[in-house]
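Enquirer: I would like to see how this sequence folds:
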Amino acid sequence: MGKGVTEQFANQNYLSIESYRKDGAGVRTPVWFAEEAPGTFYVYTTDDAWKVKRIRNNPHVKIAPCDMRGTLKGAWVDAQAAIVEGSTAEKAQRLLSRKYFWKRVGDVFSRLMGHKQVVIAIQV
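Expert: Model (predicted):
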């Protein structure tokens, strides 16, 4: 997909990801993100987050730029999400840590508390 569809995410700190329950109801969550290339986004969360379970059941999502409270700042874009591991997850974590200082701080506490992180790749 071309850069035009994703340029609304440039210089944004949050995107809203809408994932779907088994009954089809959408659930929106504002998250930090890093864009690797036009149309490829990475987000991270804990392995027990509901959005991870919803994405495993249905990889179709919608994303839109938003503020930290989830108030939309752009148009929804259809995308596919997948849980990634290995070198892709490591690369994504580096991109996210470069973009967000507070992620690095949070990672320390997350490790101390024994939380496992999961990386979600979103492809527009």
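
Enquirer: neighbours around residue 86, how many?
Expert: Neighbourhood size, residue 86 [other C-beta atoms under 10 Å]: 8. No exception for glycine: its C-beta is placed from N, CA and C like everyone else's.

Enquirer: my bad, residue 45
Expert: The tally of other residues near residue 45 (other C-beta under 10 Å) stands at 20.

Enquirer: The one 3 residues further on now?
Expert: Neighbour count of residue 48, defined by other C-beta under 10 Å: 10.

Enquirer: Skipping adjacent residues, who's closest to residue 39 in space?
Expert: With sequence-adjacent residues excluded and distances taken as C-beta to C-beta, 6 or more residues apart in numbering, residue 39 is closest to residue 124, at 4.0 Å.

Enquirer: What confidence value was assigned to that neighbour?
Expert: If you check residue 124, the pLDDT there is 94.

Enquirer: Then residue 95?
Expert: The model's pLDDT for residue 95 equals 89.

Enquirer: start the count at 718, not 1, going forward
Expert: Okay, residue one is now 718; in that scheme the one you just asked about reads as residue 812.

Enquirer: quick one, phi/psi of it?
Expert: phi -60, psi -40 (degrees, to the nearest 10).
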